[in-house]
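Student: below: sequence and its predicted model.
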Amino acid sequence: MSEIHWNRMTAAQLRELAAENAVVLLPVGSTEQHGPHLPTGVDDLLAAEVCRRTAHLAAAHTRVVVAPSLWAGLAEHHVAFGGTFTLSLPTYHALLRDLCRSVLRAGFSRILIVNGHGGNMSALNTLTNELTVELGTPIAFANYFGAGREVIRDTLETQDALMHACEGETSMMMAAHPELVRTEHLDAARGPAITLPAESTEPVYRFVSFDGITESGAAGDARTASAEKGERMLAGCAAALADAIAGDPWAAGPER
């Protein structure tokens with residue numbers, strides 16, 4: 001199996017892949033509280049895992065490189081629980097700009113930012129536009145849980161989409177990193193149902209700290225989670241992203 005991880009390859013190997021017009025996946029997530037049963041790195045770990053699987057699936061039609069993940073994001077709403085890193089929007093913009101510029105200067109021209117954190121969604125929609133203009137090349141962006149929306153909906157029993165430290169995220173962590181799930185705390189891993197702010201139909205938006213929503217730090221009910229559900233969702237999200245790459249979403253953008 002060919003190596004896919006940027007930081008496990010030599011510069012010469014990466015130059016060869018750039019010459020082959022390989023796609024670079026840039027996983028972005030967050031490091032933040034995830035209830036009593038999950039580690040703070042869930043969003044980062046799951047985005048990286050979906051990218052890994054996507055790269056292997058996409059190898060049937062194109063080479064794909066998985067860049068080191070950006071493990072910090074926009075997580076002010078989780079700070080009250082502790083255990084959380086958060087960035088300001090200008091810092092996040094600057095980090096993404098410099099990371100994407102580095103990828104382009106290494107000779108690559110197709111970048112897909114793959115997000116695993118709900119709090120990044122609204123910013124990434126806008127930043128993708130700005131980065132495309134600033135860098136003079138099309139930058140593409142996807143939420144892995146948006147790409148796999150149908151398989152997530154069809155797999156979960158207690159919810160229709162990902163929430164937070166919920167049945168969905170817990171299931172995927174059970175499949176990808178079972179050693180990090182504190183199953184002895186699953187009974188306490190529940191809270192009210194939520195809709196991600198970027199997908200809300202409410203007419204007015206305002207900031208709400210997550211401790212005002214749930215005492216446990218979880219939204220949704222993790223008690224029905226299973227590794228089998230997690231495997232199905234991870235595989236489905238990766239397949240959806242691989243299909244998206246095959247469609248070459250960069251083709252319609254401005255030339256470098």
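Tutor: Received the coordinates, thanks.

Student: confirm residue 141 sits in a helix?
Tutor: No - Residue 141: not assigned to a helix; according to DSSP: H, G, I helix; E, B strand; the rest coil it is strand.

Student: contacts only, for it.
Tutor: 112, 113, 115, 124, 125, 128 (C-beta atoms under 8 Å, 6 or more residues apart in numbering). For glycine as for every other residue, the C-beta is placed from the backbone atoms N, C-alpha and C.

Student: same thing but at 7 Å, please
Tutor: 113, 115, 124, 128 (C-beta atoms under 7 Å, 6 or more residues apart in numbering).

Student: just the buried ones among these, please.
Tutor: Among the contacts of residue 141, the ones that count as buried by 16 or more other C-beta atoms under 10 Å are 113, 115, 124, 128.

Student: how about the first one, secondary structure?
Tutor: Judged by three-state DSSP, the three-state class of residue 113 is strand.

Student: wait, it touches residue 27, no?
Tutor: No - between residue 113 and residue 27 there is no contact under C-beta atoms under 7 Å: 8.2 Å.

Student: number of residues surrounding the nearest residue to residue 142 once chain neighbours are set aside?
Tutor: With sequence-adjacent residues excluded and distances taken as C-beta to C-beta, 6 or more residues apart in numbering, residue 142 is closest to residue 114, at 5.7 Å. Neighbourhood size, residue 114 [other C-beta atoms under 10 Å]: 25.

Student: bridged to residue 114, which residues?
Tutor: For residue 114, the beta-bridge partners are residue 27, residue 142 (DSSP bridges).

Student: now do the contacts for it.
Tutor: Here residue 114 is in contact with 25, 26, 27, 28, 47, 50, 51, 142, 144, 241 (criterion: C-beta under 7 Å, 6+ apart).

Student: try it again at 8 Å.
Tutor: Here residue 114 is in contact with 25, 26, 27, 28, 47, 50, 51, 54, 142, 143, 144, 241 (C-beta under 8 Å, 6+ apart).

Student: okay, it: pLDDT?
Tutor: Residue 114 is assigned 98 on the pLDDT scale.

Student: so it versus residue 190, what's the distance?
Tutor: Distance, residue 114 to residue 190, by C-beta to C-beta, to the nearest Å: 28 Å.

Student: residue 174 - nearest residue in space that isn't next to it in sequence?
Tutor: Closest residue in space to residue 174, ignoring its immediate chain neighbours: residue 227 at 4.1 Å, by C-beta to C-beta, 6+ apart.

Student: pretty sure that neighbour sits against residue 175.
Tutor: Yes - the criterion here is C-beta atoms under 8 Å, and residue 227 meets it with residue 175 at 4.6 Å.

Student: residue 191 bridge partners, please.
Tutor: Beta-bridge partners of residue 191, as defined by DSSP bridges: residue 220.

Student: that one reaches residue 213, doesn't it?
Tutor: Yes - between residue 191 and residue 213 there is a contact at 6.9 Å, judged by C-beta under 8 Å.

Student: mutual contacts of the two, please.
Tutor: The contact sets of residue 191 and residue 213 overlap at residue 219 (C-beta under 8 Å, 6+ apart).

Student: more crowded one of the two?
Tutor: Each of residue 191 and residue 213 has its neighbours counted (other C-beta under 10 Å); residue 191 has more, 22 against 15.

Student: if I look at that one, how far off is residue 111?
Tutor: Residue 191 is 35 Å from residue 111, where distance means C-beta to C-beta.

Student: again with residue 99
Tutor: Residue 99 is 9 Å from residue 111, by C-beta to C-beta.

Student: what about these two, which has more around it?
Tutor: Higher neighbour count among residue 99 and residue 111: residue 111, with 25 against 19, using other C-beta under 10 Å.

Student: ok, the buried ones among the contacts of residue 141 vs residue 207, which is closest?
Tutor: residue 124 (18.0 Å; C-beta to C-beta).

Student: per-residue pLDDT, the closest one?
Tutor: 97.
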